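Peer 1: Whatever this is, show me its structure:
(chains A, B, C and D)
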Number of protein chains: 2
Amino acid sequence: MDTTHSPETPHAYLRKAARREMIAEAARRIIAEKGVEGLRTRDVAERAAINISTLHFHVKSKAALIALVAETSRDAFLALLPPDPDPAGDPRAQLRAEAQVYHDSLRDRPDLSVCFARLALAAPDNPAVAAMIAEFTGQWADRFRQILAKGRDRGIFRADMDPLAAALMLSGALTAFGRSATPVLRFYWPVFDEAERGLLAPGQGGGDTTEPRG
Amino acid sequence: MDTTHSPETPHAYLRKAARREMIAEAARRIIAEKGVEGLRTRDVAERAAINISTLHFHVKSKAALIALVAETSRDAFLALLPPDPDPAGDPRAQLRAEAQVYHDSLRDRPDLSVCFARLALAAPDNPAVAAMIAEFTGQWADRFRQILAKGRDRGIFRADMDPLAAALMLSGALTAFGRSATPVLRFYWPVFDEAERGLLAPGQGGGDTTEPRG
DNA sequence: CCATAAATCAATCATATGATTGATTCTTGA
DNA sequence: TCAAGAATCAATCATATGATTGATTTATGG
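Peer 2: Alright, predicted model coming up:
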C-alpha cells in the first residue's frame, strides 16, 4: 500500500484563522442551500478544498462547526448594521435606514439571513446557538423600539402607539421575507410602507424621505 | 438462532389508515421537538410502539413520511380555521377571529405550528412539501387580504391602506410567534392590537370588539 | 374451520457519516 | 541549515441509519 503524499494540487498552507474563515463560509453556504440537516462535514471539506482530517484539525466537531457558522454569521450581520440610532436624528429616516439595511442584506447576502433562520429553528440540538440568535434578534428589535419611542415622543408617530409591540410587528413582518430559501423581495417595501402609514401620527403622512431604496 | 416470534406485548393489529395516523402523529411530535434533521425512522417506530419494518410497511420511505406529516399537519390546521369570511359580516371581528384561531393553535397545538415552520425551512430536500406549505400560507394571507379589502371599502380601515401589503404584514408579524420551539405568546395580542390601530380609519378607534381572546 | 390476505416483527444489509490515527509536507525561528 | 511545530492528507474505525428479507401472527370472507 502506497501511502506517499502526492496531492493533485500543491498544499495551500494557511494559518488557523484564515482556514477557519474558509471553513465557516463553506459551511454557511451549504446550510443556506440544504439546511442544517443537510450539513455534512465531508461536503464542507470538499467545498473548502481540504481534507476531512484538516477540517477536524481546525474545528473539533460538527457541533463546533455549527457554532462557528452561527458566530461568524452574527458578526457579518453586525457589520452591516447602521450606526446606533442617533437620539437627535430623524426617527422616520432611521426607521427606514434599519429596514434598508435588512433589505440589502436579504438581496446581497441571502446566505446570511437564510442561514440565520435555519439555525434559529435548529435550536434544540444546540441551545448555545439558539441563545445567541435570540439575543441578536432581540437586540435588533430593540433598535426599532428605541427609534419608535423617540418618534412618538416627538409627535411623529401616533401617541397611542406601543413602541415594543410596534417593534415586534415590524421585525416580525420584515423577517418573514427571510424565511424562504431564496428571498422574494417584491413586497418588502410595500409592507414597510404600509406599516409606516399605520404608525404615523395624523397629519404626518405623505412626506417622502427620499431614501435610496432597493 | 431462534427466530420464533414472541413479542412482549400482544400484537395490536390495526388498519392502514389508523396506523398511518399514529405514525404521522409520532413523527410530527419528534419533528416539533428535534427538528426535521433530528427525525429518525427508528425513533418514530419506537414512539408509535411498532417495529421499524412495520413502519416501512405502512410508509414507503422517510421522504414519504415527511410528506405524510406535512399533509396531516395542513389538514389539522385547516380544520381549525374559522368559516370562510362572510362578505356581510363585520371585517374587524373577522380579522380578530383569524388572529384568535392562530393564537389558539399556537397555544393548544404548538406541535402543528412549530412543525410547519420547520418543514418550511427544510424545503430544499423536499420541493413538494415546500410547495404545499407555500400554497397554504398564501391562502391564509389571502383570507386576511379579502377581509381587509372589504373593511377598507366600508370605511372601517384607512382609505390609503394596501390590503395585500397589510395582509402580508399581519401574517408575517403573527407567524413570527410560531418560530420558536416553544411559542411565547405574551406579546401576541399587543402586536395584533398595535397593527389594528394602524389599520383603522380615523374615528374608528377605541371600539372594543369583545372577543374571547386567550 | 380454513385458506388467503393483511399486518407485524427479528435479523440483517448497505451505505452514510462523524471522528481518529499516523505518516507526510510545509513554515518558521534560531 | 535545520529542528520543531503547524498544517495537511490517506486510510481507517465505529456507529448511525434508511431500508429489505423472510418468517410469523392476526384478521376475514366463505
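
Peer 1: Please enumerate the helices of chain A.
Peer 2: Applying DSSP state H to chain A gives helices spanning A:16-34, A:41-47, A:52-58, A:62-80, A:91-108, A:110-121, A:127-153, A:163-175, A:188-199.

Peer 1: could these go into a markdown table alongside mean neighbour count?
Peer 2: To be clear about C-beta, it is placed using only N, CA and C from the backbone, and glycine gets the same treatment. Formatted as a markdown table, the helices of chain A follow (neighbours: other C-beta atoms under 10 Å in any protein chain shown):
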| stretch | mean neighbour count |
| --- | --- |
| helix A:16-34 | 19 |
| helix A:41-47 | 17 |
| helix A:52-58 | 15 |
| helix A:62-80 | 17 |
| helix A:91-108 | 19 |
| helix A:110-121 | 23 |
| helix A:127-153 | 17 |
| helix A:163-175 | 24 |
| helix A:188-199 | 22 |
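
Peer 1: Roughly how far does the residue in chain A that chain B sits nearest to sit from A:Ala149?
Peer 2: Going by C-beta to the nearest C-beta, chain B is nearest to A:Gly198 of chain A, at 2.2 Å. A:Gly198 is 16 Å from A:Ala149, where distance means C-beta to C-beta, to the nearest Å.

Peer 1: Looking at the helices of chain A, which is nearest to B:Leu81?
Peer 2: Smallest distance to B:Leu81 across those (C-beta to C-beta): 20.9 Å, for helix A:163-175.

Peer 1: Quick one: end-to-end distance for stretch A:42-58.
Peer 2: 14 Å (C-alpha to C-alpha, to the nearest Å).

Peer 1: hmm, I was thinking of stretch A:43-62
Peer 2: By C-alpha to C-alpha, the extent of stretch A:43-62 from end to end equals 12 Å.

Peer 1: and if you look at stretch A:81-95?
Peer 2: Termini of stretch A:81-95 sit 12 Å apart (C-alpha to C-alpha).

Peer 1: Can I get the helix or strand of chain A with the lowest mean pLDDT in PDB? Just the C-alpha atoms.
Peer 2: The helix or strand of chain A with the lowest confidence, counting by mean pLDDT, DSSP states H and E, is helix A:110-121 at a mean of 85. Output in PDB follows, covering the C-alpha atoms of helix A:110-121 (Å, rounded to 0.1, in the frame of the first residue of the first chain):
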ATOM      1  CA  PRO A 110     -29.200  35.900   1.400                       C
ATOM      2  CA  ASP A 111     -26.900  33.200   2.700                       C
ATOM      3  CA  LEU A 112     -26.700  35.100   6.000                       C
ATOM      4  CA  SER A 113     -30.400  35.600   6.600                       C
ATOM      5  CA  VAL A 114     -31.400  32.100   5.400                       C
ATOM      6  CA  CYS A 115     -28.700  30.500   7.500                       C
ATOM      7  CA  PHE A 116     -29.900  32.500  10.500                       C
ATOM      8  CA  ALA A 117     -33.400  31.400  10.000                       C
ATOM      9  CA  ARG A 118     -32.400  27.800   9.700                       C
ATOM     10  CA  LEU A 119     -30.100  27.900  12.700                       C
ATOM     11  CA  ALA A 120     -32.800  29.500  14.800                       C
ATOM     12  CA  LEU A 121     -35.100  26.500  14.200                       C
END
